[in-house]
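> Could you look at this predicted model? Sequence included:
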Amino acid sequence: MSEQLKFIVQELNKEPFNKSYNLISFDSLENLQLLQILTDVLAEIDPKQKVDVREEPADQTAMRIFGALRVFKFKPPTDQSNMSTFRQGLVQGEKPVIYPIIEWLLHRIPELKKRAYLARFLMKVDVPTEFLQDDQISELNMQYEALMEEFKIAHKEVETLRSSGYNTGDIKKDIASMEDEKEQLIKRVERLKRKVESQPNTGPMLTAARSLRLERDRETQIHDQKQEQKNLIVQSDQRIIRLQNQLKDQRQASIGATPQGLIQRLEEENKANEYMVKENMPKELSLKRKNTQDLQRIVAEPAMGQSDIDQLNQKIKEMNAEVNQLIEKRMMSGDPTDDKLSLFRQQAAIIARKKEASAEALREAREEYSKCESEADEKRAILKESDGGEMLKGEEFKRYVNKLRSKSTVYKKKRQELAELRAEMGVLSRTEEILKQRDEGINKHLGKIESKKGVSGYRETQDALENVSALKGELDQMKGRTLEDISFMVQKLTRKIQEKKNNLAPVIKELRPMRQKAQEVQQEYDEKKSAYDTLNAGLESNRSKLEQEVRAYHEECAAEESRFHYLKAMCKIMEIQQQQINEEMKYYTSSDPQEKKKALREQFTRKIQEQENLGKGLREKQKYVREQQEPNMRQMKMWKDFERLMECKMKIRQGSTGANSGQAKNNAASFGSADDEDRLVL
């Protein structure tokens, strides 16, 4: 509670509230003042909440605050008794109810400002259904919903742009800084040009520098292209390895495979994929859409109270009771036709569940296969980077050589057997061709004989009839077995159903009076519950009044105790001040000069005198500096002129060193005499 109160006071003392509370003053506020503070916090979030609670009726204040908290999705207590206490405390402005709300709001002011802004445009207006029968009102409602959807789209785009990092202020600052850098670079380039123009061979040097820069740029581009080509080579190598592995897997899978087997396997895969696409995926998609619609509907609805939840629970109970009654009626009807159909329905449901389970297992297997394949590719890449596997040494290498020799021996035997089988296959294929040629000759001969006898096509017809009769016999046997199995299963299920009905009949008879008794007990429970609620409400109101009185007495006691401690501290301070005053009077009235020096008056007088003397000395020094400033400045200027004149003469003397002798004599006469005495000519 203390941390909560401290946080609230700190936040209220900051911008934009600018309150000047401390823990004691804030805790001593009245209930109406707490409601006004709550209203001020709500007004900071939503300007429409800015009102004076003293001029607003209590019921309107409660409805306004409840509506704002519902929009902000504040979670009140879910228990019915706690909920009634919460509502009563909020209406009366009690501290245990107001403090958590203010703390919750102060923690989420930016988020709640956004929610309040969106609530102005996205809170739907509840239009009664009888009004929607009017075409004009219905059309306006549709336009209203369409505009709401457009606002959602526009708001999402705005949020996307805001979160994309493109801020106009930052862009303007970047542009200004870039322009400043551009101006500095231009000035720097001009300065370098002026500096370089005075140098010889400026043009060739600039051309060489330009060529060097172009070559460096080209070198960078070539380096990037080289790196890109290396990456492409690595990717191509990985793709080649993957394709080689796929080819190897396909070759291994094709060993012993026949066209009929491949076609059958493709048909099975096609059927599985068709089931996944046409039956399983639409079901999952419809289920996902339904869940999404339910979630959207739940989000769009306002926050539910305990009464709404109780109504929904009561409706669920009624629907469950109705479903149970329908199940009992169906079980009591006992229609054998329905029993047969229910058998087939059960079989169909079992098959459908098996198909769904198989489809789920297939999907999981495919995901596992793709995952293993990606892991295998990663391992192959790692193995390639590490330049193969480990080197075998010692006994391991000997075992590997022996194993390789045994495999080589087996390979030679198998290769010899394969050569023999190939030779035998050639002989058999040749024999097959000869037999086919003979068969064709015999068939032609038989055809000629049949045409001569006038019964052409007899042999083919007889073969076809024999095949059809054999197939018919097999189908009849299968049908017979299937019908026998179905009839046996139907009889068995019928017996079981009849046994279940016979077992459930006495239970249902016993259930009917128990249900009636349960209704009577429920009615009695409802009556006693209503009486209990009435009595509890009266006792709760009395208890709340007593708690409020006790809380007021506690607050008064705390205030008096705080005032007592405050006055006690003030008395202690006054005693210390009085003691200091007595000591000061004692030192001041004493005749001893040492004790007089301890007096504060004497100390402060001495310090004042010292500061006055120091100020007097500084003023005299300032006066002297002001008087000497102009002569000193003139003297400094004369020395600077003298220094400049001497520098000029030195430059002239140094520049005239290589001149003719007459000029040297004149210069010597100007700067000195024949006996080398230094003179200054001004």
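Here it is on my side, so go on.

> is it true that residue 126 lies in a helix?
No: the assignment for residue 126 by DSSP: H, G, I helix; E, B strand; the rest coil gives coil, which leaves it out of any helix.

> what's near enough to touch it?
Counting by C-beta atoms under 8 Å, 6 or more residues apart in numbering, residue 126 touches no other residue. All C-beta spots, glycine's among them, are computed from the backbone N, C-alpha and C.

> On the pLDDT front, check it for me.
Residue 126 is assigned a pLDDT of 74 by the prediction.

> gap between it and residue 142?
In this structure, residue 126 and residue 142 are separated by 16 Å, where distance is defined by C-beta to C-beta, to the nearest Å.

> helices or strands next to the helix or strand hosting residue 561 in the packing?
When elements are assigned from DSSP states H and E, residue 561 belongs to helix 458-589. Of the remaining helices and strands, those touching helix 458-589 by 3 or more C-beta pairs under 8 Å, 6 or more residues apart in numbering; DSSP states H and E are helix 80-92, helix 306-333, helix 336-385, helix 395-453, helix 593-598, helix 600-655.

> okay, these, which one's buried deepest?
Mean neighbour counts were compared across these using mean count of other C-beta atoms under 10 Å; the top stretch is helix 80-92, at a mean of 16.

> what separates it from the chain centre, distance-wise?
Averaged C-alpha coordinates place helix 80-92 at 36 Å from its chain's average position (C-alpha atoms, centre = their mean, to the nearest Å).

> Next: stretch 108-120.
Counting by C-alpha atoms, centre = their mean, stretch 108-120 comes out at 20 Å from the chain centroid.

> could you dump the helices and strands packed on helix 458-589 to CSV with mean pLDDT and distance to residue 177?
Supplementary listing: those in CSV, determined by pLDDT from 0 to 100; distance: least, C-beta to C-beta, whole Å:
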stretch, mean pLDDT, distance to residue 177
helix 80-92, 74, 53
helix 306-333, 79, 58
helix 336-385, 73, 45
helix 395-453, 79, 67
helix 593-598, 71, 65
helix 600-655, 88, 42
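
> Show me the one of these that comes nearest residue 516.
In this view, the helices and strands packed on helix 458-589 are compared for proximity to residue 516 by C-beta to C-beta, and helix 306-333 is the closest at 13.5 Å.

> Can you check what angle separates the closest one from helix 336-385?
Angular relation of helix 306-333 and helix 336-385 on a 0 to 180 degree scale: 120 degrees, by axes from the mean of the first three to the mean of the last three C-alpha atoms, to 10 degrees.

> Show me what helix 306-333 is packed against.
The helices and strands touching helix 306-333, judged by 3+ C-beta pairs under 8 Å, 6+ apart, are helix 458-589.

> what residues go with each domain of the chain?
Under the assignment automatic domain parsing, the domains of the chain span 2-123, 265-298, 330-372, 479-595, 599-648.

> picking up where we left off before, which one of the helices and strands packed on helix 458-589 lies closest to residue 184?
Minimum separation from residue 184 across the helices and strands packed on helix 458-589 (C-beta to C-beta) falls at helix 600-655, 34.2 Å.

> returning to that earlier point: most neighbours per residue, which of the domains of the chain?
Among these, ranked by average contacts under mean count of other C-beta under 10 Å, first place goes to domain 2-123 (a mean of 15).

> Straight-line length of that one, end to end?
Terminal residues of domain 2-123 lie 37 Å apart, using C-alpha to C-alpha, to the nearest Å.

> Okay, strands next: where are they in the stretch 101-250 of the chain?
Counting by DSSP state E, counting those that start in this stretch, one finds no strands in the stretch 101-250 of the chain.

> shaky segments in it?
164-168 (pLDDT under 70).

> Tell me where it has helices.
Applying DSSP state H, counting those that start in this stretch to the stretch 101-250 of the chain gives helices spanning 109-122, 129-132, 135-163, 168-197, 202-254.

> and among the ones you listed, the most buried is which?
The densest packing among the helices of the stretch 101-250 of the chain, expressed as mean neighbour count by mean count of other C-beta under 10 Å, is seen in helix 109-122 with a mean of 14.

> which helices and strands sit right next to it?
If contacts are counted by 3+ C-beta pairs under 8 Å, 6+ apart, helix 109-122 sits against helix 31-45, helix 58-72, helix 135-163.

> Please tell me how far residue 313 sits from residue 307.
Summarising the geometry, the distance separating residue 313 from residue 307, computed by C-beta to C-beta, is 11 Å.

> for residue 619, same thing?
According to C-beta to C-beta, residue 619 stands 87 Å off from residue 307.

> Roughly how far does residue 249 sit from residue 267?
Using C-beta to C-beta, one gets 21 Å for the distance from residue 249 to residue 267.

> ok, back up a step: so for residue 525, which of the helices of the stretch 101-250 of the chain sits nearest?
Set against residue 525 and scored by C-beta to C-beta, the helices of the stretch 101-250 of the chain come closest in helix 129-132, at 35.6 Å.

> and that closest one, what does it pack onto?
Packing contacts for helix 129-132, counted by 3+ C-beta pairs under 8 Å, 6+ apart, involve helix 135-163.

> before we move on, the earlier item: okay if I get the helices of the stretch 101-250 of the chain as CSV plus distance to residue 642?
Putting the helices of the stretch 101-250 of the chain into CSV (distance: least, C-beta to C-beta, whole Å) gives the following:
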stretch, distance to residue 642
helix 109-122, 72
helix 129-132, 105
helix 135-163, 70
helix 168-197, 34
helix 202-254, 42
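
> of those, which approaches residue 636 most closely?
Comparison of the helices of the stretch 101-250 of the chain against residue 636 by C-beta to C-beta identifies helix 168-197 as nearest, at 33.9 Å.

> For residue 580, find the nearest of the helices of the stretch 101-250 of the chain.
With respect to residue 580, and counting by C-beta to C-beta, the nearest of the helices of the stretch 101-250 of the chain is helix 109-122 at 49.5 Å.

> neighbouring contacts of the closest one?
Applying C-beta under 8 Å, 6+ apart, the external contacts of helix 109-122 come out as 44, 45, 46, 71, 72, 73, 105, 148, 151, 152, 155.

> Closest one of those residues to residue 637?
Set against residue 637, the nearest of the contacts of helix 109-122 by C-beta to C-beta is residue 44 (66.9 Å).

> That closest one and residue 233, how far apart?
Note on residue 44: its distance to residue 233, by C-beta to C-beta, is 63 Å.

> related to what we said a few turns ago, would you mind putting the helices and strands packed on helix 458-589 into TSV with distance to residue 290 alongside?
Rendered in TSV, the data for the helices and strands packed on helix 458-589 read as follows (distance: least, C-beta to C-beta, whole Å):
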stretch	distance to residue 290
helix 80-92	32
helix 306-333	19
helix 336-385	17
helix 395-453	61
helix 593-598	93
helix 600-655	88
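
> Which stretch among the ones you listed approaches residue 298 most closely?
Taking C-beta to C-beta as the criterion, residue 298 comes closest to helix 306-333 out of the helices and strands packed on helix 458-589, the separation being 12.1 Å.

> what angle sits between that closest one and helix 458-589?
160 degrees.

> Which residues are in contact with residue 568?
The neighbours of residue 568, taking C-beta under 8 Å, 6+ apart as the test, come to nothing; the list is empty.

> do you know how far it is from residue 554?
21 Å.

> likewise residue 197?
91 Å.

> Likewise for residue 378?
From residue 378 over to residue 554 (counting by C-beta to C-beta), the distance is 70 Å.

> Tell me if residue 76 really is in a strand.
No: per three-state DSSP, residue 76 lies outside any strand segment and is coil.

> Name the nearest residue to it, sequence neighbours excluded.
Of all residues beyond its chain neighbours, the one nearest residue 76 is residue 86 (5.2 Å), with distances taken as C-beta to C-beta, 6 or more residues apart in numbering.

> would you turn the helices and strands packed on helix 109-122 into CSV with distance to residue 216?
Converted to CSV, the helices and strands packed on helix 109-122 look like this (distance: least, C-beta to C-beta, whole Å):
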stretch, distance to residue 216
helix 31-45, 59
helix 58-72, 61
helix 135-163, 39
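
> closest to residue 605 out of those?
Sorting the helices and strands packed on helix 109-122 by C-beta to C-beta, the top spot, which is the nearest, belongs to helix 31-45 at 52.3 Å.

> Cool, thanks, talk later.
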